[in-house]
Structure formats: C-alpha cells, structure tokens
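A.B. asks: Based on what follows, work out the 3D shape:
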Amino acid sequence: VHIPTQPRPVYSAKCEMCLNTCAFYLSHSVLVGSAAGQVHCFDTRQQGDTPASTMSSELVSILGIAVHTTQPFIVANSRSDGSLLIWDMRNNRYPLATFAGHASAIWEVQFEKEKSDNLYTCSEDGQLLMWNGAALS
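C.D. replies: Below you'll find the model as predicted:
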C-alpha cells in the first residue's frame, strides 16, 4: 500500500503524566488512563488540554480501560497493583467497586461482546480471569 503523504493527527490533548491506555467512549469522547491513577474523559470536539471529566483513585497506574458493551456508562479499569475498578460515569466521584484477583499488574481488561456482563482480565501473573459481571453490580 502506497501512502503518498504522512497522515496527520486531527485531535490532540496533553496531560501532565504518562498516558498508558485509551478507549473510545460514547460519541466524540475518549477515555485515557494515566500513570498517576487518573482516567480522563476528553471531548474530541473541543481542542485543548482540559478533560471534560476526571476519575481519580490512589496513585496506582491505570493500564487498561474497557467500556461496557450495552451500558456505556459503566467503565472498568485495570491497574498496575493487580486491582480492577468499576466506575459509573454518571456519578464518577468514587468507583462503584474495587476487586482484587491478580497478584500483579493487569495489562488488559475487556467486556465480552455477546455476554456483556462478563469481564475478562489478563495479568503479568500469568492468569486470565473471567469475572461474573452480574455479581459486579
């Protein structure tokens, strides 16, 4: 495939800390997870470095973000300490729940597409875990 010109970004935002992960969230929004334990929501229709909202927990690096397949206001994020946080974006001051199941960093988190109540995590500890999403609520 020949690309005649170098593609250029059409949107840019900058945070103070290292960004580790991102996920599309609703129309015109992107969630990004930082090394400082924050998840920022950026509205791609607005230029600038100020997020539309921010979710914060302890200073534990966010490594993965997943948006629930049928309930997009439910967001999961995985962290470097092996914990998993579940958030409700409609009221994101505190996580709905925090779960521990891995002995080390969770590198990936995904909601199952067909059975959206199931959540999968994989970790540096060599484990793949399936979480029963019905039990998460």
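
A.B. asks: State the mean pLDDT of stretch 24-42.
C.D. replies: Averaging pLDDT along stretch 24-42 gives 89.

A.B. asks: Contacts for that stretch, please.
C.D. replies: Stretch 24-42 has contacts (CB atoms under 8 Å, 6 or more residues apart in numbering) with 13, 15-23, 43-45, 51-65, 67, 72, 75, 77, 79, 87, 89. The way it works is simple: take the backbone N, C-alpha and C, and place the C-beta from them, glycine included.

A.B. asks: show me what contacts M17?
C.D. replies: Applying CB under 8 Å, 6+ apart, we find M17 in contact with 34-36, 38.

A.B. asks: Include distance to T5 and secondary structure when you put those into CSV, please.
C.D. replies: Formatted as CSV, the contacts of M17 follow (distance: CB to CB, whole Å; DSSP: H, G, I helix; E, B strand; the rest coil):
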residue, distance to T5, secondary structure
S34, 32, strand
A35, 33, coil
A36, 36, coil
Q38, 35, strand
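
A.B. asks: what sits opposite the residue nearest the centre of the chain in the beta ladder?
C.D. replies: Most central in the chain under CA atoms, centre = their mean is I65, positioned 1.9 Å from the mean C-alpha point. Beta-bridge partners for I65, by DSSP bridges, are N77.

A.B. asks: how about it, what does it touch?
C.D. replies: I65 makes contact with 21-23, 31-33, 39, 75-78, 109 under the criterion CB under 8 Å, 6+ apart.

A.B. asks: If we use 10 Å, what do you get?
C.D. replies: Residues near I65 by CB atoms under 10 Å, 6 or more residues apart in numbering: 20-25, 30-33, 39, 75-78, 87, 108-110.

A.B. asks: what's the most distant pair in the contacts of M17?
C.D. replies: A35 and Q38 (9.0 Å; CB to CB).
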